[in-house]
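Novice: output the structure for:
(3 chains, ligands or ions: 4)
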Amino acid sequence: MAQTQGAYYVPHGSHWPIVGSFGLIGTVVGAGMWLNEADAGKGIMLVGLGLLVIMMAGWFGSVVRESLAGLYNKQVDVSFRMGMMWFIFSEVMFFAAFFGALFYARTFSVPWLGGEGHGALTNLYLWPQYSAAWPTNGPQDIGGAFSTMSPWGIPLLNTLLLLSSGVTITIAHHALRAGHRGRLLVFLALTVLLGVVFLGFQAHEYAEAYEHLNLTLGSGIYGSTFFMLTGFHGLHVTLGAIILAVMWFRCAKGHFTRDNHFAFEAAAWYWHFVDVVWVCLFVFVYIL
Amino acid sequence: MISSGVMRVRRAVAGLAMAASGLALANPQPWQLNMPTGVTSISERVHGVHMLAFWVCVAIGVIVYGAMVYALFKFRKSRGAVPAKWSHNTTMELIWTTIPVIILVAMAWPATKLVVDMANVESSEMTVKITGYQWKWRYEYVEYFGKATPVNFVSTLDAESNRVRQTGSGLDPHSVQEGGENVYLLNVDKPLLLPVGVKVRFVITADDVIHSWWVPDLGWKQDAIPGLINGNWTRIDTAGTYRGQCAELCGKDHGFMPIVVKAVPKAEFEQWLATQESAAAAAKTAQAAPVATTATQG
Amino acid sequence: MAAVNPAISDIHADEHDHKPHGFLHRWLFTTNHKDIGTLYLVFSLTAFFIGGSFAMLIRAELFQPGLQLMQPEFFNQLTTMHGLIMIFGAIMPAFVGLANWMIPMMIGAPDMALPRMNNWSFWILPFAFLLLVMEVFLPGGGPQGGWTMYPPLALEGGANVAFMIFAIHLMGISSIMGAINIIATILNMRAPGMDLLKMPVFVWSWLITAFLLIMVMPVLAGAVTMLLTDKFFGTSFFHAAGGGDPVMFQHIFWFFGHPEVYIMILPAFGIISEIIPTFSRKPLFGYQAMVYSLASIAFLSCIVWAHHMFAVGMPLGGELFFMYGTMLIGIPTGVKVFNWVSTMWKGSITFETPMLFAIAFVVLFTIGGFSGVMCAIVPADFQYQDTYFVVAHFHYVLVTGALFGIMAAVYYWLPKWSGNMYSEKWGKIHFWSSVISVNVLFFPQHFVGLAGMPRRIPDYNVAFADFNMMSSIGGFWFGLSQFIFLGVIIHCVYYSRQRATAQVWEGARGLEWTLPSPAPYHSFSTPPVITDDMLAHGNVTH
Ligand code: HEA
Ligand code: HEA
Ligand code: CUA
Ligand SMILES: [Cu+2]
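Specialist: Ligands and ions are numbered 1, 2, ... in the order given. Model (predicted):
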């Protein structure tokens, strides 16, 4: 049973964190073994991931129950909000590392290899035949010749999809606050749908890149930055879509009230964050 | 045994004395306390900014620690000190933020000029390409006064040090001597020969992992990075043998890839280069294969 | 604050100290900030002894020239693991443990803002740590590329590479969650009257540290992820042949790594700023300046990272920018040092063990800071880089800085935690033994470094022999002294019969000293009514 300390709310102990730790360690040990070509790796990783899913379901389940029981006060709500905001900030910094790699490669390492400025000696002694360009797979043509994706086809479509999903989730949020359940469910469903279509297009795009463009993870620095940035983004869209789908069920079950629906808001924040990352990707990875 | 012990003590004393008097030490000495002044004008200036920073720190230390020790003695409760109530003093705070700024500028100024000079590889008279390998160095004499040369060789830890350094060899590192000096782990089979008084440009790279080429007497180290070239330069003023080591962790034998630079008078160097050139040419015709890729891997 | 469902608060209304029963419930499932704090501290002490044993092996091999005990590969593993364990296992968790214990008590809160996540932050750590240490037993051994993991060398490792990277991911997740929790606690759980600019400096230092953590840990995660894909998935982030750059890793790593070293010192600054006023019986000098200097150090720490890379061959402009930026950090840090001395000035000083450690901190950390400023000077650093001079620098700031800060904190707050006084006599013996030996250990390393001894080498020329032997002797002595520390703690917690009062120290000020010793299981169950004169900095706004 949850404990309450006078004016404060302090939750009771929980076994979910330790389950989560087993899940995490199982996942990474499995993944590590898999990478090192040990057969058991995949299985262990799946068990770990399974534990993580169970943990999340269980943990969030008890939070939902406590919330529905009206145990949470304003202060708890603010703590949750801060937690989510700072979590998103940490995600921003995670993407910043990869964007940083992209910018560094484009403004420094590639021009230097091509002999510009500081790189004159490098080019002269080691890569005399190389001249800087973007996209590039480097002086040794790692991965072989490749072509890039035109930004004005699928990527543009994907941009429109994600931007509209940003609109639909906002409409859903307004509907929730206005108490229009029907509209809420329709627009939330639409948001999830847009996300799923986005992912479908992206999968198609990856297949296209691998099969027809010879653009792969191994295509030098271009392929590396392209797939890592879009790939991690895709993972986040997947996660966001799952969260939103869960929110849909919770809305359908009537978990949220007009002024008490933090989980929904957190999911929406996350979705907007994923959206913004995509816009940056579209500009810096596809267009420029 | 006894005599070697005595010698060690005598050398230690000599080392201390030299260190204290700030004399240039060609190689590390027992009990050496300070950075060598080195044998180039750059290395002397490096030593200069180092000493400036050091004395600045000593001075600040004396003031800060002096004040603190005074406070610790004077304001002890056991001496009946009664605590004051104040907790700030804007004037003092302003003073001790501005004075350090001035001190820092005073240290940064000569340092900046020095960095600018060190970065200037223009008007060099010869070029040596240095490549780091696990765990040896290759030296290529790319050009000498505008003339390309084919001379290049690999330089590795000397056999004697290599024997002694094996784990549990039971051999005494003190026994590895050359010219009355202990050269354990600081000696190579083939030193890099350089002319005195010539501005040498180095182009430095590596073949496998990152290494760092460092001879303290030249006043700098420079990382050797696979796929990139770093430039640096030196002009050695005094003939002599200068020893250094790889200074970037590069795997298991990182501790065992020393560097030896032998600076000789220009004429002697030119003579040496000529013999090397003809040897290289002879080898080339004999093998009809590029020397650069077949030189001994040791 | 909105009222809580009355039906629920009734259940426990008259129960004040309901610790969960049963070992598992108490320690595995706990949501209590004190229990979690204790877990962190015990974990950290364990890691310190493990990391310390690795250092002892290093010092044993370096006792004299020649390789007596081990192969060079093993030596490199020791160095790497020693660095990783001390940083991620000993120092950081210790500070998080102190934050857990003290922040709720210092700001008048019942617990941390997100207590269950708090539990998870901790319980990821032992797993991650086991994964890291276990690598030593893998075929091919543990990581050997230094704690900095520079490619391409780090990628040459065998099976350990993937596991090391994953262990770092887990530690990162743990510290990010811990940091989020601390920020939410400080911003959201303060009792009425505890204004931001009246908070204890320790709380301030953690607010800023937590921000740094959330900012840089994900970047480290990104950096090691790129290492992973470079090794296993054919990417070319760090291969020039593919258009990448090995130096890029160093930039990303040190964008994390430099703020990281301040993550390891800012909380210590906070601790020292608590202890010196207490034993000088005088308010902290320049409270606001202390807060602002913390913030400026944190800000500057984000723009100086490349001072670890002066020898990689950056463009001239880069070298100069990072030199100036780095030197500037001396100014706010100087403000702190001067303010500590001014706090002692005209105080009424006594020398209990926490104060002794605090004084030693001020002196010895400053020595480390001085050698740091010397390293900041580019041309001089061309000589110092990757030598024992740098090793000396960072052990002065880490051991006599961060670690002494932690020890000072343990002596300072142990009576509050356990309700018992520790043995002052043995505390002082521990102090004097440590403070002398640590200088025998690390001071000579300046000399061998300047004379030309590179770091990360298992064997060296005989010229470096004497100082290395001295350093090793100091090392063993320092290591043995830590058994006294362990003894004092165990004695205090389990055997000491001298009860601590609520205030513990005559000059102690602040909320945590208004709670009884040992502190009750839930710190404040109703928001305390805070008046300015209950607070250490309530009436001093400067
Ligand atoms: C707690 C950790 C900590 C702290 C606080 C610091 C503090 C500082 N460090 Fe240090 N540092 C490390 C941990 C730390 N460092 C580590 C771990 C490494 C090595 C990493 C590796 O390679 O493995 C390293 C390496 C390192 C280097 C790279 C050396 C090299 O590899 O070549 C440099 C270079 O600039 C540097 C500089 C500084 C500076 C300028 C400070 C400043 O913050 C110091 C400021 C303090 C003072 C200056 C003293 C007090 C001030 C006064 C009394 C005022 C008046 C003073 C003046 C005007 C000078 N550090
Ligand atoms: C974060 C904090 C931290 C701390 C607290 C320490 C503490 C110590 N360090 Fe460490 N050190 C680092 C961080 C730290 N170090 C880092 C980051 C590196 C760089 C790694 C790299 O290059 O990648 C490094 C590198 C490093 C080196 C250089 C290795 C090399 O370049 O090859 C050396 C060598 O002397 C050293 C020594 C010591 C010693 C003797 C202690 C002592 O203070 C430890 C004392 C503690 C104990 C000894 C434990 C308690 C006692 C026992 C376990 C009982 C056994 C005792 C005996 C047998 C006497 N350290
Ligand atoms: Cu080559 Cu170290
Ligand atoms: Cu730094």
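Novice: which residues touch the closest residue to chain C within the stretch 51-200 of chain A?
Specialist: Relative to chain C, the nearest point of the stretch 51-200 of chain A is residue A:97 (2.6 Å; C-beta to the nearest C-beta). Heads up, the C-betas are built off the backbone N, CA and C, glycines and all. Each residue near residue A:97 by C-beta atoms under 8 Å, 6 or more residues apart in numbering or on different chains is listed here: C:218-219, C:221-223, C:225-226, C:252.
Novice: which of the helices or strands spans the closest residue to it other than its chain neighbours?
Specialist: Of all residues not flanking residue A:97 in the chain, residue C:222 sits nearest, at 2.6 Å (C-beta to C-beta, 6 or more residues apart in numbering or on different chains). Assigned by DSSP states H and E, residue C:222 belongs to helix C:201-232.
Novice: rewinding a little: how about the contacts of residue A:97, which pair is most distant?
Specialist: Farthest pair in the contacts of residue A:97 (C-beta to C-beta) is C:218 and C:226. Separation: 12.9 Å.
Novice: who has more neighbours out of those two?
Specialist: residue C:226 (26 against 23; other C-beta atoms under 10 Å in any protein chain shown).
Novice: any idea how far ligand 3 is from residue A:162?
Specialist: Computed as C-beta to the nearest ligand atom, to the nearest Å, the residue A:162 to ligand 3 distance reads 48 Å.
Novice: I'd say that residue and residue A:276 touch.
Specialist: No - counting by C-beta atoms under 8 Å, residue A:162 does not reach residue A:276; the two are 9.5 Å apart.
Novice: more neighbours: which of these two?
Specialist: Neighbour comparison, residue A:162 and residue A:276: the larger count goes to residue A:162, with 24 against 13 (by other C-beta under 10 Å).
Novice: quick one: contacts for the residue of the stretch 151-288 of chain A found nearest chain B?
Specialist: For the stretch 151-288 of chain A and chain B, the shortest gap (C-beta to the nearest C-beta) falls at residue A:221, measuring 11.9 Å. By C-beta under 8 Å, 6+ apart, residue A:221 lies in contact with A:105, A:109-110, A:136-138, C:236-237, C:242-244.
Novice: look at residue B:129 and give its secondary structure.
Specialist: strand (DSSP: H, G, I helix; E, B strand; the rest coil).
Novice: find the nearest non-adjacent residue to it, please.
Specialist: residue B:140 (4.1 Å).
Novice: make sure the one you found is actually in contact with residue B:131.
Specialist: Yes - assessed by C-beta under 8 Å, residue B:140 is found in contact with residue B:131 at 7.5 Å.
Novice: who has more neighbours, these two?
Specialist: residue B:131 (24 against 20).
Novice: and the helices in the stretch 401-542 of chain C?
Specialist: Ranges of helices in the stretch 401-542 of chain C, per DSSP state H, counting those that start in this stretch, are C:404-418, C:424-451, C:465-490.
Novice: and among those, the most buried is which?
Specialist: Of all the helices of the stretch 401-542 of chain C, helix C:404-418 has the most neighbours on average by mean count of other C-beta atoms under 10 Å in any protein chain shown, namely a mean of 24.
Novice: kindly export that helix (C-alpha atoms) in CSV.
Specialist: Output in CSV follows, covering the C-alpha atoms of helix C:404-418 (Å, rounded to 0.1, in the frame of the first residue of the first chain):
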residue,chain,number,x,y,z
PHE,C,404,39.1,13.8,0.6
GLY,C,405,35.8,15.7,0.1
ILE,C,406,33.9,12.4,0.4
MET,C,407,35.9,11.4,3.4
ALA,C,408,35.3,14.8,5.0
ALA,C,409,31.6,14.4,4.3
VAL,C,410,31.5,10.9,5.8
TYR,C,411,33.0,12.0,9.1
TYR,C,412,30.8,15.1,9.1
TRP,C,413,27.5,13.4,8.6
LEU,C,414,28.2,9.9,10.0
PRO,C,415,26.9,10.8,13.4
LYS,C,416,23.7,12.1,11.8
TRP,C,417,23.3,8.9,9.9
SER,C,418,24.1,6.4,12.6
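Novice: return the residues in contact with residue 258.
Specialist: In the absence of a named chain, chain A is used. A:176-179.
Novice: actually chain B
Specialist: B:157, B:161, B:185-188, B:243-246.
Novice: give me that answer again for 6 Å
Specialist: B:186, B:188, B:245 (C-beta atoms under 6 Å, 6 or more residues apart in numbering or on different chains).
Novice: you'd agree residue C:159 is up against residue A:36?
Specialist: Yes - if you go by C-beta atoms under 6 Å, residue C:159 and residue A:36 touch, sitting 4.7 Å apart.
Novice: and the residue of the stretch 101-250 of chain B that's closest to chain A?
Specialist: Counting by C-beta to the nearest C-beta, the stretch 101-250 of chain B gets nearest chain A through residue B:229, at 4.1 Å.
Novice: tell me the contacts of that residue?
Specialist: Counting by C-beta under 6 Å, 6+ apart, residue B:229 has contacts A:121-122, A:125, B:203, B:205.
Novice: swap in residue C:159?
Specialist: A:36, C:138.
Novice: quick one: it and residue A:33, what's the gap?
Specialist: 9 Å (C-beta to C-beta, to the nearest Å).
Novice: now swap in residue A:191 and tell me
Specialist: Counting by C-beta to C-beta, the gap from residue A:191 to residue A:33 is 38 Å.
Novice: same thing with residue A:112?
Specialist: Per C-beta to C-beta, residue A:112 is found 39 Å from residue A:33.
Novice: the more surrounded of these two?
Specialist: Between residue A:112 and residue A:33, residue A:112 has the larger neighbour count (other C-beta under 10 Å), namely 24 against 20.
Novice: ok, and the closest non-adjacent residue to that one?
Specialist: Going by C-beta to C-beta, 6+ apart, residue A:112 has residue A:119 as its nearest residue, at 2.8 Å.
Novice: same check on residue A:17?
Specialist: residue C:120 (3.6 Å).
Novice: burial check on the one you found, number of neighbours?
Specialist: 26.
Novice: give me the pLDDT for it.
Specialist: Per-residue pLDDT puts residue C:120 at 95.
Novice: roughly how far apart are the residue of the stretch 101-250 of chain A found nearest ligand 2 and ligand 3?
Specialist: Relative to ligand 2, the nearest point of the stretch 101-250 of chain A is residue A:101 (23.2 Å; C-beta to the nearest ligand atom). Separation of residue A:101 from ligand 3 (C-beta to the nearest ligand atom): 26 Å.
Novice: check which helix or strand that residue maps to.
Specialist: Short version, using DSSP H and E: residue A:101 is in helix A:74-104.
Novice: how far off centre is that helix?
Specialist: 11 Å (C-alpha atoms, centre = their mean, to the nearest Å).
Novice: so what touches the helix or strand following that helix?
Specialist: Scanning forward in sequence from helix A:74-104 by DSSP H and E, the next helix or strand is helix A:110-113. The contact list for helix A:110-113 (C-beta under 6 Å, 6+ apart) reads A:118-119, A:122, A:127, A:130, A:132, A:136, A:139, C:243.
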